[in-house]
Each structure stands twice: as C-alpha cells, then as structure tokens.
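> With the input below, show me the fold.
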Amino acid sequence: MTWPAIYNRYPLLYPDSITYIADGRPVARALFRHEFSAYYGMRSFFYSLGILPFYRIATLWAVVALQAVIAAWVLWLVARSIVPRRTQLWYLAIVAALSLITSVSWYASLIMPDILGPVLYLCIYLLVFADETLSPAERVIVAMIAWWAVASHATHLMVAIALCVFLAILWAIFQSGFMLNRLKAIGGVAIIIVLAAVAQLGLHNYLYGEPSLNGDRPPFLMVRLIADGPGRWYLEQHCGEAKFARFAMCNHVRDLDESPDQFLWGEDGVWQNSSREEQKRILQEEVAFALATLRTYPRAVLARSAANFWNQLITFDLGFEANDWVGEEFDRALPGQKSQYLRSRQVRDELPLVFFSTVEDCVAVVSLLVIVLLSVWFWRTRSSRLMGLAVVVVPALVVNALVTGTLSMVENRYQSRVIWLLPLLAALLVLDWNAHRKAA
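Sure thing, here's the model as predicted:
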C-alpha cells in the first residue's frame with residue numbers, strides 16, 4: 001500500500017497536509033505544558049495529535065506506515081469475516097489488486113486523514129455485522145480506530161452519524177435476517193461517535209474557551225451557496241435593506257463573483273482579508289444566511305445542490321499535483337527536511353496521475369457492473385455479512401458525495417478517497433459467489 005510514496009521518493013502531500021503537520025505541536029504544548037496560543041489552526045486536532053509522535057520520533061514515512069498498517073489490518077478482518085477458505089491467499093490477492101488499480105494506496109501514502117474515512121466505514125461493518133468474528137482485543141482496537149477516524153475529520157463524523165441512523169431504520173424495518181440482533185451493535189457504534197464528538201467539544205473548549213465540533217473552520221456552506229448563485233442573489237437584492245444589512249457578508253457584495261477556492265484561500269479573497277472579528281461574525285451568521293437563502297430561492301438551492309451531489313458522486317480522479325504553497329510553507333511544518341521533499345516526483349509533476357485516474361474510473365465502472373449483475377443472486381442467498389457490507393459501503397459512498405458536494409465544494413479528492421470500497425465489495429461478492437457455485 002505504500003508504493004506510491006516509495007515511487008514518489010517521499011510521502012504524498014496536499015496543501016492541507018502542511019497544516020495538519022504544523023498544528024499538532026501548538027495543540028500538544030497547550031495540552032501537556034499549558035502553553036496556550038492565540039491560534040491553533042482549522043484542521044482536526046486529533047489527526048494532528050495522532051501522527052505527531054510518529055513524525056517527531058521518526059519521519060513522515062512512519063505516518064505512511066501507520067496508515068498502511070491500519071488499512072491493511074482492517075481489510076484483513078473484513079476479508080476474514082467473508083472468505084472462509086484460503087483466506088490468506090485471497091486477502092493478499094485483494095490487497096495487491098486494490099493497491100495497484102484503486103486509490104487506496106495513494107491515500108495510505110498521503111499525509112491526510114482521508115484514508116481513515118473508508119477505514120471507519122469498514123470498522124462500522126465489522127462492529128455491527130461481523131462482531132462475532134473479532135476477538136475481544138480486536139474489538140477494542142477496531143473501536144479505537146473508529147474513534148480516531150470519527151474525530152479526525154468533520155465529514156467522517158457526519159457520514160458515520162448518517163450510517164448509524166440508516167442502520168437503525170433498517171433494523172426497525174427488518175428485525176429478522178441480516179439485521180437480527182444488530183440493535184445493540186448499532187448502539188455501540190453510536191457510543192463511539194458520541195465519545196468522539198464529546199472529545200472534540202472538550203478539546204475546543206479547553207483551547208478556545210467555548211465548545212465546538214468544527215473549531216476555527218471557514219464558512220464552507222456559505223461559500224457554496226454564494227458560488228452556486230442563490231447566496232449571491234440574496235445578498236445583492238437584500239443588503240441594501242436596513243433589516244438585512246446586519247449580515248457581515250454585505251460588506252463584500254462587490255467581491256462575490258469568485259470561485260470558492262479564491263474566496264477562501266486567495267491572497268485577495270474575502271476570507272483571507274477579513275479580520276478575526278469579522279470571520280467570527282461570518283461564521284456565526286452562516287446558518288441564518290443559509291436558511292434565509294433557502295427560504296428565498298428554494299428551487300434554485302435544491303437544484304444546484306442536487307447537481308453538486310451528482311457531480312461529486314462521479315468525480316474521483318487522483319489530484320496530487322505539485323502545489324507551490326506546500327513548498328513555501330514546508331519549513332514551517334518540518335524544518336530541515338525540505339530537500340527530501342524537493343527530490344520527489346510530485347514536486348516536478350511526474351506522477352502518472354492521469355493514467356491511474358483512468359484505471360480507477362474503469363475499475364469503478366466494472367465493479368458497479370459486477371455488483372448489478374450479481375445482485376439477483378446476492379439477494380436470493382441473503383449472506384448476512386455480505387448484505388451488511390453492502391448496506392454500509394453503498395450508503396457511505398452516497399452520503400460522502402452528498403455531504404462534501406453540497407456543504408463544501410466538488411473536488412476529486414473527496415470521492416476518490418472512498419471509491420475503492422466499491423471494487424472491494426465487488427471482489428468479495430465474486431469470491432462468495434464462486435464459493436457457493438463450487439459448493440453447489
């Protein structure tokens with residue numbers, strides 16, 4: 001699973017990687033030395049804290065190894081729960097194929113919490129539908145990985161909540177068959193999610209003096225509505241009226257014709273050029289602004305949200321091109337290691353991203369066709385664990401696209417990080433079908 005990093009000559013980095021690396025130290029100093037800072041960053045502190053010992057004691061290669069081992073071990077537990085014969089051989093075949101022709105190895109090699117999202121959804125499957133295949137120690141470790149994954153990114157939290165609600169509804173409808181006696185396990189997953197959310201609230205309260213699930217994040221939803229049009233229309237029509245001028249964004253009506261990236265991260269963008277007080281006010285008004293826009297333009301908001309959801313669902317190319325900002329900020333995050341990064345193929349845009357993106361697209365289409373073709377047999381046999389894996393993986397792919405596409409922006413990385421779950425499901429379905437065929 002680490003071959004992309006080895007081929008690159010260095011772990012893969014994304015602009016957000018630098019902030020995840022750099023933010024861990026001030027948070028750790030606040031926790032263990034009580035040395036507080038005015039600003040800790042906008043990313044998940046739990047991912048930053050989780051990887052901090054590995055790259056501080058060793059290098060970023062240790063983080064890649066950690067992520068690859070976690071993903072490989074969880075995949076072993078999943079394969080073991082479904083493939084009863086020649087498990088080791090088929091497991092190695094599945095991992096080799098996934099690593100070569102899907103995105104799993106690229107995200108295991110990326111210094112980001114992205115790989116933990118799909119790992120979390122597989123952990124939910126294990127805890128709910130394959131709990132009896134786990135030893136007590138394995139059960140504890142899977143729960144700990146799930147907790148870290150939920151706490152590592154806001155979208156992981158939202159998708160996990162949606163999966164819990166969906167599984168609870170399925171249990172209410174099908175209290176026999178593959179959902180028999182699953183309510184307690186679903187409740188266990190819900191407890192893990194609650195504990196992760198409580199940890200987020202507690203840490204942000206300790207650092208900032210007020211509880212929060214997202215910390216110091218940008219107003220992604222507001223920017224999405226403005227970029228789609230309805231948010232901009234609302235401000236242009238109502239900011240001249242006294243009762244609506246209270247929105248802080250009314251001060252930037254002339255600067256709204258921008259892309260989301262430029263709005264948030266551009267040197268001349270609205271967010272980067274707003275004061276800390278104005279940023280806080282914009283965040284406080286985000287929900288009220290979104291509701292006001294939805295009430296005024298309900299059809300336009302829903303139509304554009306549906307289009308964003310669909311575009312995100314089918315957009316999953318690999319996007320690890322070189323980024324100048326990473327090079328500029330590298331020394332701040334990892335002093336003295338920039339020369340190693342500059343020798344990587346990623347810096348020179350020499351990674352075969354187009355080729356492997358094309359391969360991944362083809363694999364996703366073939367996997368979907370395999371699942372559809374075997375769906376009739378699949379429904380007849382009612383294999384409880386395969387059914388359980390399917391009702392976790394498929395909704396996770398859909399909800400991930402729904403959350404990221406409608407609440408943030410359409411980006412290759414958001415769906416690419418989870419799309420490898422589709423060929424995993426197809427491969428296990430084929431193996432189970434072949435085993436039943438031979439038995440018959």
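> Pull the number of nearby residues for residue 49.
By the criterion of other CB atoms under 10 Å, residue 49 has 19 neighbours. Quick note: C-beta positions are derived from backbone N, CA and C, even for glycine.
> same thing with residue 144?
Residue 144 has 12 neighbouring residues, counting by other CB under 10 Å.
> mind checking pLDDT for it?
At residue 144, the model reports a pLDDT of 97.
> So which bits of the longest helix belonging to the chain are buried?
If you go by DSSP state H, the chain has its longest helix at helix 183-208. For helix 183-208, a neighbour-count test (16 or more other CB atoms under 10 Å) marks 185-186, 189-190, 192-193, 196-197, 199-200, 203-204, 207 as buried.
> What is it packed up against?
Where contact means 3 or more CB pairs under 8 Å, 6 or more residues apart in numbering; DSSP states H and E, helix 183-208 is packed against helix 15-32, helix 45-57, helix 116-129, helix 136-152, helix 154-173.
> If you average the pLDDT over the longest one, what comes out?
For helix 154-173, the mean per-residue pLDDT is 93.
> looking at the helices and strands packed on helix 183-208, which is buried most?
Most buried of those, by mean neighbour count (mean count of other CB atoms under 10 Å): helix 116-129, with a mean of 26.
> With only the CA atoms kept, save that one in CSV.
Extracted in CSV, the C-alpha atoms of helix 116-129 (Å, rounded to 0.1, in the frame of the first residue of the first chain):
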residue,chain,number,x,y,z
LEU,A,116,-9.4,7.0,7.8
GLY,A,117,-12.8,7.7,6.3
PRO,A,118,-13.2,4.4,4.4
VAL,A,119,-11.4,2.6,7.1
LEU,A,120,-14.1,3.9,9.6
TYR,A,121,-16.9,2.6,7.4
LEU,A,122,-15.3,-0.8,7.3
CYS,A,123,-14.9,-0.7,11.1
ILE,A,124,-18.7,0.1,11.4
TYR,A,125,-19.4,-3.0,9.3
LEU,A,126,-17.1,-5.1,11.5
LEU,A,127,-18.7,-3.9,14.7
VAL,A,128,-22.3,-4.3,13.5
PHE,A,129,-22.3,-7.2,11.2
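> May I see the buried residues of the helix or strand of the chain with the lowest mean pLDDT?
Of the helices and strands making up the chain, the lowest-confidence element is helix 375-381, at a mean of 73, by mean pLDDT, DSSP states H and E. Buried residues in helix 375-381, defined by neighbour count with 16+ other CB under 10 Å: residue 378.
> Other residues contacting that helix?
Helix 375-381 has contacts (CB atoms under 8 Å, 6 or more residues apart in numbering) with 371, 386-387, 390, 429, 432-433, 436.
> so after it, what's the next helix or strand?
Toward the C-terminal end, the helix or strand that comes next after helix 375-381 (DSSP states H and E) is helix 384-407.
> Helix 183-208 and that following helix, what's the angle between them?
With axes from the mean of the first three to the mean of the last three CA atoms, to 10 degrees applied, the angle from helix 384-407 to helix 183-208 works out at 30 degrees.
> Packing partners of helix 384-407?
If you count contacts as 3+ CB pairs under 8 Å, 6+ apart, helix 384-407 packs onto helix 60-82, helix 116-129, helix 154-173, helix 220-228, helix 298-313, helix 375-381, helix 412-416, helix 421-439.
> do that again at 7 Å, thanks
Contacts defined by 3 or more CB pairs under 7 Å, 6 or more residues apart in numbering; DSSP states H and E place helix 384-407 against helix 60-82, helix 116-129, helix 154-173, helix 220-228, helix 298-313, helix 412-416, helix 421-439.
> And these: which comes nearest residue 274?
Taking CB to CB, helix 220-228 is the member of these nearest to residue 274, at 12.2 Å.
> how far away is residue 218 from residue 270?
10 Å (CB to CB, to the nearest Å).
> got it, and residue 166?
37 Å.
> likewise residue 216?
Residue 216 is 16 Å from residue 270, by CB to CB.
> These two - which one has more neighbours?
With neighbours defined as other CB under 10 Å, residue 216 and residue 270 compare such that residue 270 has more, 22 against 17.
> can you list the weak-confidence ranges in the stretch 251-400 of the chain?
Residues of the stretch 251-400 of the chain meeting the criterion pLDDT under 70: 257-258, 381-382.
> backbone phi and psi for the closest residue to residue 75 other than its chain neighbours, please?
Closest residue to residue 75 apart from its sequence neighbours, by CB to CB, 6 or more residues apart in numbering: residue 95 at 6.0 Å. Residue 95 adopts backbone torsions of phi -60, psi -40, taken as degrees, to the nearest 10.
> I'd like the distance between residue 95 and residue 418.
Taking CB to CB, one finds residue 95 at 17 Å from residue 418.
> more neighbours, those two?
Taking other CB under 10 Å, residue 95 and residue 418 do not tie; residue 418 has more neighbours (27 against 19).
> now that one, nearest residue through space, not along the chain?
Closest to residue 418 by CB to CB, 6+ apart is residue 118, at 4.8 Å.
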